[in-house]
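Asker: output the structure for:
(one chain, ligands or ions: 2)
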Amino acid sequence: MPSLLIICSITDVMRQRLSDAFDLHETAQIEDMAGWLTSHGPEIEFVLTDGHLGVPQPILDALPNLQIISSYGVGYDAIDVDAATRRGIPVCHTPGVLTDEVATTAVMLYLALWRNLEAQSSLARSGRWGNGHALPLSRTADGRVVGILGLGRIGQAIAKKLEAFGATILYHGRTKKDVPYRFHSDLSEMARACDTLICAAPGDASTRHLIDAKVIEALGPEGYLINVGRGSTVDEDALITALADGTLGGAGLDVFENEPHIPEALRALSNVILTPHIGSATVETRRAMGDLAIDNLLAQRDGAALLTPVPESKAALGL
Ligand code: NAP
Ligand code: 8YV
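Answerer: Residues are numbered from 1 along each chain as shown. Ligands and ions are numbered 1, 2, ... in the order given. Got it, this is the predicted structure:
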């Protein structure tokens, strides 16, 4: 069987399916990676990774016979697609199958922020309910103006789901789209016009710190920021300062600049809801993502057309 190097964490269902087709080698179980690569690198023809771990350069360089990099996720910011392309190696990802789940995560953060879920839940848990404490009122989640940064697959699914809450949708991106939402070419201007700014954009050089102190200030003390895209799109230091001094009302964050590290100053704030990058993390969606990531590996093994190469591989390698 061909050899597969697994760099990311996978489910047991994936491991079972993969072991029927490949000889598996998991980096998490290899103690001396450099030594292992020297003796086994040339055997590896297939790599499975994710958008966080990518394929570190020393590993890529030690795999002279690599045929494909399949990523278990849609975002591929950690993968050096250019380096792979120079060697004719396609990179595949898992678009579409996680779109609705990540959009639901954004809506979950949206509802939790507006309805102050964490504080209400901890009051109920504390046993203080009814002890003369007035119930703090939250703000309605209905009829809000929501600005979406990155109206792609996930951004559009968020917009659709929020229509059920009577939201007016605005969006900012590189291109104006044929959608029934108002386009803003200026992100700060959109932030000023909305009460919730939701980021669903990829993490790359073009989006780095797009949400900076200026955009955060424009969103304002009554505004909420939600990020389900990538942590690098938000200037985290500026965000913490604005949340602490009241320049921004609150934030719901699933992604962070230096995952899995979340700054203590951010964790200490009461006006934030933090989740550990669980946008797609359900049994059903991870199963669909795993299946697609494996189907791409099998297509390459069988000489069939790859199902979901990333756009750059598709264009450069004529896939
Ligand atoms: P997609 O369909 O490619 O959508 C990305 C959108 O971002 C596009 O509309 C694109 O605009 C826009 N965009 C790209 N660069 C931009 C820039 N510099 N300025 C403004 N907008 C820009 O991708 P998707 O499937 O929706 O996924 C989006 C991202 O979500 C992924 O890349 C990943 O980082 C993140 N994600 C997070 C989780 C999680 O667990 N939290 C899970 C999955 C994905 P144009 O239409 O103008 O090109
Ligand atoms: C996962 C993600 O965290 O798809 C993405 O871009 O960020 C998430 O779905 C990850 O890729 C699973 O390994």
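Asker: not counting its neighbours along the chain, what's nearest the residue of the stretch 51-200 of the chain found nearest ligand 1?
Answerer: Relative to ligand 1, the nearest point of the stretch 51-200 of the chain is residue 152 (1.7 Å; C-beta to the nearest ligand atom). Where you see a C-beta, it was placed from the backbone N, CA and C, and this is true even at glycine. Among residues not flanking residue 152 along the chain, residue 200 sits closest, at 6.8 Å (C-beta to C-beta, 6 or more residues apart in numbering).
Asker: quick check: phi and psi at residue 3.
Answerer: Main-chain torsions, residue 3, degrees, to the nearest 10: phi -90, psi 130.
Asker: distance of it relative to residue 43?
Answerer: 5 Å (C-beta to C-beta, to the nearest Å).
Asker: when the two are compared, which one has more neighbours?
Answerer: The residue with more neighbours, out of residue 3 and residue 43, is residue 3; 18 against 13, by other C-beta atoms under 10 Å.
Asker: quick one: pLDDT of the more buried one?
Answerer: You'll see residue 3 listed with a pLDDT of 98.
Asker: surely it is in contact with residue 18?
Answerer: No: judged on C-beta atoms under 8 Å, residue 3 makes no contact with residue 18 at a distance of 11.4 Å.
Asker: strands of this structure, start to end?
Answerer: Read by DSSP state E, the chain holds these strands, from start to end of the chain: 3-6, 23-26, 44-49, 68-71, 91-92, 145-149, 168-172, 182-183, 196-199, 224-227, 250-253, 272-274.
Asker: Provide the contact partners of the third one at residue level.
Answerer: Going back to what we said before, that points to strand 44-49. 2-8, 10, 18, 22, 25, 55, 59, 63, 65-72, 79, 293-294, 297, 300-301 (C-beta atoms under 8 Å, 6 or more residues apart in numbering).
Asker: returning to that earlier point: the strands of the chain: which one's closest to ligand 2?
Answerer: Taking the strands of the chain one by one with C-beta to the nearest ligand atom, strand 68-71 is closest: 7.1 Å.
Asker: can you pull the contacts of the residue of the stretch 101-250 of the chain found nearest ligand 2?
Answerer: Relative to ligand 2, the nearest point of the stretch 101-250 of the chain is residue 102 (6.8 Å; C-beta to the nearest ligand atom). Neighbouring residues of residue 102 by C-beta under 8 Å, 6+ apart: 154, 157, 200, 228, 279, 280.
Asker: tell me the pLDDT at it?
Answerer: Reported pLDDT for residue 102: 99.
Asker: enumerate the residues of the stretch 201-319 of the chain near ligand 2.
Answerer: Residues of the stretch 201-319 of the chain lying close to ligand 2 by C-beta under 6 Å from any ligand atom are 277, 279, 280.
Asker: what of the stretch 51-200 of the chain?
Answerer: 51, 72, 73, 74, 75, 98.
Asker: and these, which of them are buried?
Answerer: 51, 72, 73, 74, 75, 98 (16 or more other C-beta atoms under 10 Å).
Asker: quick one: which of those has the lowest pLDDT value?
Answerer: Within these, residue 51 has the lowest pLDDT, namely 90.
Asker: next, give phi and psi for it.
Answerer: When read as degrees, to the nearest 10, the backbone of residue 51 gives phi -70, psi -10.
Asker: isn't it right up against residue 93?
Answerer: Yes: between residue 51 and residue 93 there is a contact under C-beta under 8 Å: 7.4 Å.
Asker: what sits against the residue in the stretch 1-150 of the chain that ligand 2 sits nearest to?
Answerer: Closest to ligand 2 within the stretch 1-150 of the chain is residue 73: 2.1 Å, counting by C-beta to the nearest ligand atom. Applying C-beta under 8 Å, 6+ apart, we find residue 73 in contact with 50, 51, 52, 93, 94, 98, 280, 289.
Asker: in this structure, what secondary structure element scores lowest on mean pLDDT?
Answerer: None of the helices or strands of the chain scores lower by mean pLDDT, DSSP states H and E than helix 117-126, at a mean of 93.
Asker: tell me the residues on the stretch 1-150 of the chain that lie near ligand 1, please.
Answerer: 74, 75, 95, 98, 99, 102, 150.
Asker: okay, residue 133: pLDDT?
Answerer: At residue 133, the pLDDT recorded in the model is 72.
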